[in-house]
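S.K.: model this:
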Amino acid sequence: MKGMGQYIITRLLLTPVTILVLLTFVFLILRVIPGDPVEALLGGRSVPPEVEARHRAALGLDKPIYVQYWDYLSSILHGDFGRSLIDSQPVTTDIIQRFPTTLELAIFSILIATFFGLGSGVIAGRRADRLADHAIRFFNIGIFATPIFWLGLMMQLVFGVWLHWFPVTDQLDILHKITFHADITGLYTVDSLIKGNLTIFTDALRHLVMPSLTLGIILSGFLGRITRVNLMETLDQDYIRTARSKGLSERNVVYKHALRNAFIPIMTVLGLQFAILLGGAVLTESVFNWQGLGHYLLDAITKRDYVAIQGTVVFIALFISIVNFLTDLTYSLIDPRVKY
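M.R.: Numbering: from 1, shown residues only. Reported below is the predicted structural model:
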């Protein structure tokens, strides 16, 4: 317990340092890339110098770089990511409104990735160098290399246009979206269950199928390869041979002994992939017209809204840091042999 406490304290001290480095990196990158935020704000129109100077002062761009940096950090500590250059709305408000949409997609995607990734990895690991192993490895490598936007478009074409099984865009049918408001958690599936509205729940699930499958199946390719490698290494350990010599069934050996011990690096991948899904959902949300963080970020990039870009990237970076921290703390729950 003492070792765990020391580890938590160390991670708590290191996490702010990591976040500070990320914030500094974002701040510098957005100030060295081509493009002028004032020009973007004015829409490329030619204006008198005094008007341009007034807008530059309003954005704080007339101050020395170190003053801008200090103001930037102070604002973030107070939860203020600035105002969008396009509609003058607080970026913090936009992020809060759109985050549940991306979170819902990320949750269902990681569940699908876990199901297919672990399943295929275990089958391949148990049948190493056999036909099933070669087939699964070929599929996992191929699917992980598949462009997300292409797979999403093929999903829409086959299951939406040709077969009419699932809706091709948005989170709900238009009439349901007008009449139902996810005002509890922001997640349509959860709020519809809380309110006892099974019609909305079913509709939300139908809209979730294709975008979550698109992300989940592609991630499952990488997860399946990681699972296979770690399971094969674990099955080659002495304690596994001892378990088999005692007459334990192969199912018990694999699922109760080998897979649990092989799960620590897999858990790391799951935690990282779940966090990265927030940023990696950009193309998926664009293809399926999901109004989440990814769609918001892409729209901000297109319109050169550097305040919105900065706020969204910082939020995603903070989220990834928090998830990494929580992932590290769960190691001891999976394998008590881990020492801190």
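S.K.: now the helices for the stretch 101-250 of the chain?
M.R.: Assigned helices in the stretch 101-250 of the chain, in chain order: 131-144, 148-155, 174-179, 188-194, 198-235, 238-245, 250-252 (criterion: DSSP state H, counting those that start in this stretch).
S.K.: now for those, which one comes closest to Phe115?
M.R.: Relative to Phe115, the nearest member of those by Cβ to Cβ is helix 198-235, separated by 7.7 Å. In short, each C-beta sits where N, CA and C put it, glycine included.
S.K.: Buried residues, that closest one. List them.
M.R.: Going by neighbour count (16 or more other Cβ atoms under 10 Å), the buried part of helix 198-235 is 200-201, 203-204, 207-232, 234-235.
S.K.: relative to helix 238-245, how tilted is that helix?
M.R.: Interaxial angle of helix 198-235 relative to helix 238-245 (axes from the mean of the first three to the mean of the last three Cα atoms, to 10 degrees): 100 degrees.
S.K.: and helix 198-235, how far out from the chain's middle?
M.R.: Helix 198-235 has its C-alpha centroid displaced from the chain centroid by 13 Å (Cα atoms, centre = their mean, to the nearest Å).
S.K.: Show the pLDDT at Gln97.
M.R.: What the model reports for Gln97 is a pLDDT of 88.
S.K.: Which strands or helices does the helix or strand harbouring it pack on?
M.R.: Following DSSP states H and E, one finds Gln97 within helix 91-126. Here helix 91-126 touches helix 131-144, helix 188-194, helix 198-235, helix 259-280, helix 282-288, helix 293-302, helix 306-329, going by 3 or more Cβ pairs under 8 Å, 6 or more residues apart in numbering; DSSP states H and E.
S.K.: Show me what the first one is packed up against.
M.R.: So the one you mean is helix 131-144. Applying 3+ Cβ pairs under 8 Å, 6+ apart, one finds that helix 131-144 contacts helix 91-126, helix 198-235.
S.K.: hang on, Glu285 packs against Ser109?
M.R.: No - applying Cβ atoms under 8 Å as the test, Glu285 and Ser109 come out as separate, 11.4 Å apart.
S.K.: which residues are in contact with both of those two?
M.R.: Taking Cβ atoms under 8 Å, 6 or more residues apart in numbering as the contact definition, Glu285 and Ser109 share the neighbouring residues Pro211.
S.K.: gap between the most centrally placed residue in the chain and Gly216?
M.R.: Central residue check for the chain by Cα atoms, centre = their mean: the C-alpha nearest the mean position is that of Leu277, 1.8 Å away. Distance of Leu277 to Gly216, computed by Cβ to Cβ, to the nearest Å: 9 Å.
S.K.: between those two, what contacts are shared?
M.R.: Common neighbours of Leu277 and Gly216 are listed as 109-110 (criterion: Cβ under 8 Å, 6+ apart).
S.K.: how deep is the residue nearest to Leu213 when sequence neighbours are not counted tucked in, by neighbour count?
M.R.: Computed as Cβ to Cβ, 6 or more residues apart in numbering, the closest residue to Leu213 that is not its neighbour in sequence is Ile112, at 6.1 Å. The burial count assigned to Ile112 is 21, neighbours taken as other Cβ atoms under 10 Å.
S.K.: how about Ile112, what does it touch?
M.R.: Shown here is Ile112, whose contacts under the criterion Cβ under 8 Å, 6+ apart are 212-213, 215-217, 220.
S.K.: same check, this time on Phe201
M.R.: Taking Cβ under 8 Å, 6+ apart, we find Phe201 in contact with 188-189, 192-193.
S.K.: One more pass at 7 Å, please.
M.R.: The neighbours of Phe201, taking Cβ atoms under 7 Å, 6 or more residues apart in numbering as the test, are 189, 192-193.
S.K.: And it, how close does it get to Gln171?
M.R.: Between Phe201 and Gln171 the computed distance is 12 Å (Cβ to Cβ).
S.K.: Retrieve the pLDDT associated with the closest residue to Gln273 other than its chain neighbours.
M.R.: Closest residue to Gln273 in three dimensions, ignoring its sequence neighbours and counting by Cβ to Cβ, 6+ apart: Leu219, at 5.5 Å. pLDDT recorded at Leu219 is 86.
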